[in-house]
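Novice: 3D model of this:
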Amino acid sequence: NPNEAQCFEAAGLFVDMPTAEVLAWWDGLAQVARARENDSKLQQGREAEQLTLAFERKRLARLGIERHPKWIAIEDNTAGYDVQSYDTGLTEPVSKLIEVKSCSRELVQIFITRNEWETAISSAPHYQFHVWLLPEKKLIELSVNDIAPHIPQNQGHGIWQSVGVTLHQEFP
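Specialist: Down below sits the predicted model:
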């Protein structure tokens, strides 16, 4: 509002060539804002991971698999997946790796890191993406083949590190 703007102006926070002290103040404010946003994303991600764990417990029970999913992301966020679950195999259960994503906007977009994708490729067909739409708690399950057409290729001296994928109606 005008009173707040006047205070900022009087404090010298709106000058064209800010001092190091003014820059430090703005940087500190930006850092607080980013920390809040990161905390919000972390909480949303943890909620989605917990939804996947509950979903997988029920699925395993329906399949008669007497194992429980493991929450890998709580111990290691570099594994390339968040939850280890199981599927029926020929003679015994086989591992199923799940990368959990969440989205709380009308535009359903997920971000996949190169590490996640390399893990997905090396673990296919036993790798799956769980995308939770929040707050509805609606699950979209995607295979490696569903995501593959949307992954960029390295070109020249460029190596992609993260890709945003917008989910439209062509996804299951």
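Novice: count of residues packed around the nearest residue to residue 160 once chain neighbours are set aside?
Specialist: The shortest distance from residue 160 to any non-neighbouring residue, by CB to CB, 6 or more residues apart in numbering, is to residue 152 (4.6 Å). Quick note: C-beta positions are derived from backbone N, CA and C, even for glycine. Close neighbours of residue 152, defined as other CB atoms under 10 Å, add up to 12.
Novice: and what of the one 10 residues further on?
Specialist: Residue crowding around residue 162 was assessed by other CB under 10 Å; the count is 12.
Novice: okay, which residue is most central for this protein?
Specialist: The centroid of the chain falls nearest to residue 101 when counting by CA atoms, centre = their mean (4.2 Å).
Novice: which SSE is that residue in?
Specialist: strand 94-103 (DSSP states H and E).
Novice: mind listing what's buried in that strand?
Specialist: Residues 96-103 are the ones in strand 94-103 that count as buried (16 or more other CB atoms under 10 Å).
Novice: re earlier: quick one, what contacts the residue nearest to the centre of the chain?
Specialist: 48, 110-111, 129-132 (CB atoms under 8 Å, 6 or more residues apart in numbering).
Novice: mind checking pLDDT for the residue nearest to residue 144 when sequence neighbours are not counted?
Specialist: Of all residues not flanking residue 144 in the chain, residue 124 sits nearest, at 4.2 Å (CB to CB, 6+ apart). For residue 124, the model assigns a pLDDT of 94.
Novice: gap between residue 130 and residue 30?
Specialist: From residue 130 over to residue 30 the distance is 32 Å, taken as CB to CB, to the nearest Å.
Novice: compare those two (neighbour count), which wins?
Specialist: residue 130 (22 against 10).
Novice: if we can go back for a sec, from the contacts of residue 101, pick the one nearest residue 158.
Specialist: residue 111 (17.8 Å; CB to CB).
Novice: what about that closest one, which SS state?
Specialist: strand (DSSP: H, G, I helix; E, B strand; the rest coil).
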